[in-house]
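Participant: got a predicted model here, sequence first, then my questions.
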Amino acid sequence: QVQPVESGGKWVQPGGSLRLSCTASGGTFNGYAVGWFRQAAGSEREFVAASAADQRQYYDNAVKGRFSVSRDAGENTVYLQMNDLRPEDTAVYYCNQHTNLLWVASATNFDSWGQGTQVTVSS
């Protein structure tokens, strides 16, 4: 079974950029939609972006135009490129996958999560 593993989070100043990675452990993301989610302290986990199995991309309005999602050629890793970062982007970022694109539209559809990767945006 494919297990997603997040990495790449760190502290960055407002306006900066960061690229997160979601790596498929135990397989590839071929045939899967992969969603990125985030959870800020004291808040619910929320949808950020998704890469469909056909590589179409979907974004929450809060990140549209600033974030982009892509896959590597082998579909082993899905990236979240984050530009023009803002303090409100501070959160733990997670990824998860499903064969059904609609399933990755909401964090509430998943019971199991990885450890995530912390992104902190501050001056």
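Facilitator: Ah, there it is.
Participant: switch to C-alpha atoms for all contacts and neighbour counts from now on
Facilitator: OK.
Participant: which residues does the most centrally placed residue in the chain form beta bridges with?
Facilitator: In the chain, the centroid-proximal residue (C-alpha atoms, centre = their mean) is residue 36; its distance is 2.4 Å. Following DSSP bridges, residue 36 is listed with bridge partners residue 49, residue 95.
Participant: that one touches residue 47, doesn't it?
Facilitator: Yes. Counting by C-alpha atoms under 8 Å, residue 47 is a contact partner of residue 36 at 6.4 Å.
Participant: what do those two both touch?
Facilitator: Common neighbours of residue 36 and residue 47, counting by C-alpha atoms under 8 Å, 6 or more residues apart in numbering, are absent.
Participant: need the contact list for the residue nearest to the centre of the chain.
Facilitator: Residue 36 is in contact with 47-50, 80, 93-96, counting by C-alpha under 8 Å, 6+ apart.
Participant: most neighbours, which of these?
Facilitator: Neighbour counts for those (other C-alpha atoms under 10 Å) peak at residue 95, which has 32 neighbours.
Participant: and it, how close does it get to residue 46?
Facilitator: Per C-alpha to C-alpha, to the nearest Å, residue 95 is found 11 Å from residue 46.
Participant: can you report how many residues neighbour residue 102?
Facilitator: Other residues lying near residue 102 total 12 when counted by other C-alpha under 10 Å.
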